[in-house]
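[1] Pasting the sequence and the predicted coordinates here, then a few questions.
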Amino acid sequence: MSDGIETLRAEFERIVATTERDSTDANRHAILRELVALYRRAEQSSVVIGVLQAEVREFGTKLRAVDREPAAANPTRGDRLAASTHVERGWHLISLGDYSGAAAALERALAVAPDDNEAGALLGWAQMLGGQLDEAMTTLQGVLVRDASNALARVNVGFICLRKHIFGEAIEHLSRVIRESTDRRSILYAHYYLGMVYLERDMCDDAIPFLRTALDLGPNLVEARYELGRAYWLAGRRDEAVTAWQVGAAGGTYSPWGARCREMLTLIEAGGEVPRQSSV
């Protein structure tokens, strides 16, 4: 759990008071370590607060939209409101990497609103990220039967095809999202996954433009930065690969993909071989 501002302020004042009592070199080094730890806690709190603010705004928007609808025209608006609460919770848990928790929240959303395509698409995404590829495919195909234009469902079907090495179908689904969708998040992932499709097929020069576009759309997508480094390296563009991993390592301090970028830099410095297959 993140710290409140009062807790962080009290800790800072304690550190300042400690400095005033003892300014020896040894104590200053200890205090610097405490300040770094405090800064990271404060940074984490700001991230959590930002996520919470976004969730509050989004839920408030949905609540006002539901409230404006006449009750006679929308007899199930209570169910839709309850479902939207679980959907917001599911999306938040996906962003934190808690895929089983996200799936549970989204299943609760579908229990009260079985035809909620947003909940279905997110459930399929959570199942996919959790490694339940067959369950995810069933869930996502159900969404596409009800709404063939659902970009999030289609982009994740494309990714599952990639994971199963059904490359032709993967390209078909992902290319359709890029051509037809206006959903920025889905378009971003469609480019990222298409880059991975071509990288898995050793078509590095074809993979690079898709990965670069994904990063133009989402500069903080560190996993795309990692894969772009692999594509550059395997295409013989070593300096650009190193730059990609350096940017990923610097921008993904707390990300497992940032750690992988740092591992790759260590690997090539030691003369190791860059893997040809993705770890996703």
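    It's in.
[2] so which helix or strand takes in Arg212?
    Assigned by DSSP states H and E, Arg212 belongs to helix 204-217.
[3] chain center to the helix or strand harbouring Ala126, what's the gap?
    Counting by DSSP H and E, the secondary-structure element that holds Ala126 is helix 117-129. Centroid displacement of helix 117-129 relative to its chain, using Cα atoms, centre = their mean, to the nearest Å, is 13 Å.
[4] for that helix, what is the average pLDDT?
    For helix 117-129, mean pLDDT rounds to 93.
[5] Just after that helix, pick out the following helix or strand.
    helix 133-146.
[6] buried stuff in that following helix?
    Buried residues in helix 133-146, counting neighbours by 16 or more other Cβ atoms under 10 Å, are found at Ala136, Met137, Thr139, Leu140, Gly142, Val143, Leu144. (Each C-beta comes from the backbone N, C-alpha and C, glycine too.)
[7] any idea where the helices of the protein begin and end?
    Shown for the chain, the helices assigned by DSSP state H span residues 5-21, 25-68, 77-96, 99-112, 117-129, 133-146, 151-163, 167-180, 184-200, 204-217, 222-234, 238-251, 256-269.
[8] And those helices, which one averages the lowest pLDDT?
    helix 25-68 has the lowest average pLDDT among the helices of the chain, namely a mean of 55.
[9] how close does the nearest residue to Arg230 once chain neighbours are set aside sit to Phe159?
    Excluding its sequence neighbours, the residue lying closest to Arg230 (Cβ to Cβ, 6 or more residues apart in numbering) is Val274, at 6.1 Å. Distance, Val274 to Phe159, by Cβ to Cβ, to the nearest Å: 23 Å.
[10] go on, Glu273?
    Counting by Cβ to Cβ, the gap from Glu273 to Phe159 is 26 Å.
[11] Settle it for me: which of these two has more neighbours?
    Phe159 (26 against 8; other Cβ atoms under 10 Å).
[12] what's near enough to touch that one?
    Met128, Ala170, Tyr189, Tyr193 (Cβ atoms under 8 Å, 6 or more residues apart in numbering).
[13] ok, for the last one, nearest residue in space, not its chain neighbours?
    Taking Cβ to Cβ, 6+ apart as the measure, Tyr193 lies nearest to Phe159, with 4.9 Å between them; neighbours along the chain are not counted.
[14] Check the gap between the one you found and Leu93 for me.
    19 Å.
[15] try Pro275
    30 Å.
[16] circling back to that earlier point, so which elements touch the helix holding Arg212?
    Helices and strands touching helix 204-217, by 3 or more Cβ pairs under 8 Å, 6 or more residues apart in numbering; DSSP states H and E, are helix 184-200, helix 222-234.
[17] Kind regards, and thank you for your time.
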